[in-house]
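> Have a look; sequence and predicted model below, questions after that.
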Amino acid sequence: MAKLGFVVSEFNRDITYQMELLGREHAQFLGADVAAVVYVPGVFDMPIAVKKMLCREDIDAVVTIGCVIQGETAHDEVVVNHAARKLMDLSLECNKPVTLGITGPKMSRADAQKRVDYSKRAVEAAVKLLQRLGGD
Ligand SMILES: Nc1c(NC[C@H](O)[C@H](O)[C@H](O)CO)[nH]c(=O)[nH]c1=O
Ligand SMILES: CC(=O)C(O)COP(=O)(O)O
């Protein structure tokens, strides 16, 4: 059974709450275990939490869940672009899948609501990568 870790952003929690529930349901549907969940303040804060999870022997892959909504500046792009890049680097560094269940940037609250199922995609991608690539 795939053992997944979830790293979930508390920012825009009304949206990430729905994303987390959908992700948990989908993991159960696919026969994967959500072995650990860590909540972080926002998407930008995810990499350190993901890194710690990737170091755990009881975690095979990490699923990130977050939502970055556009404000008046390019802050949303800074948050998502840097986090996404670091998450990819960590995956390669630690040799375990890290999947992107983060919506945004350039997104309104309505756009975010339409995209809550990105968390399901991230769970599915993690399970598929583990099946196809195997463990260490
Ligand atoms: N604006 C959003 C943020 N911003 C907060 C940052 O992610 C971070 O927590 C802060 O800069 C402290 O390091 N985070 C989101 O997840 N979503 C947003 O829309
Ligand atoms: C990325 C955000 O949602 C955010 O709160 C930043 O907003 P702003 O660009 O107006 O500072």
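On my side now, so go ahead. Bear in mind the structure is a predicted one, so any value in this text is a computation, not a measurement. Ligands and ions are numbered 1, 2, ... in the order given.
> any idea of the pLDDT on the residue of the chain positioned farthest from its centre?
In the chain, the residue that sits farthest from the middle, by C-alpha atoms, centre = their mean, is residue 72; the gap is 24.9 Å. On pLDDT, residue 72 comes in at 98.
> just the one 5 residues further on next, same as before
You'll see residue 77 listed with a pLDDT of 98.
> neighbours of it, just the number please.
Counted with other C-beta atoms under 10 Å, the neighbours of residue 77 add up to 14. (Glycine included, C-beta is placed from N, CA and C.)
> Before we go further, it is sitting in a strand, right?
No - using DSSP: H, G, I helix; E, B strand; the rest coil, the assignment for residue 77 is helix, not a strand.
> all helices of the protein, in order?
With DSSP state H as the criterion, the chain has helices at 13-29, 46-54, 75-94, 109-114, 118-133.
> what inclination does the second one have with respect to helix 75-94?
The directions of helix 46-54 and helix 75-94 differ by 20 degrees, with axes from the mean of the first three to the mean of the last three C-alpha atoms, to 10 degrees as the criterion.
> pLDDT on helix 46-54, on average?
pLDDT averaged over helix 46-54 gives 98.
> Report all helices and strands that that helix contacts.
Applying 3 or more C-beta pairs under 8 Å, 6 or more residues apart in numbering; DSSP states H and E, we find helix 46-54 packed against strand 3-9, strand 33-40, strand 61-67, helix 75-94.
> and stretch 103-110, anywhere near ligand 1?
No - using C-beta under 6 Å from any ligand atom, stretch 103-110 stays clear of ligand 1, with a minimum separation of 6.7 Å.
> Contacts for that stretch, please.
Identification of contacts with stretch 103-110 by C-beta atoms under 8 Å, 6 or more residues apart in numbering yields 12, 15, 19, 43, 66-70, 76-77, 79-81, 111-112, 115-116, 118.
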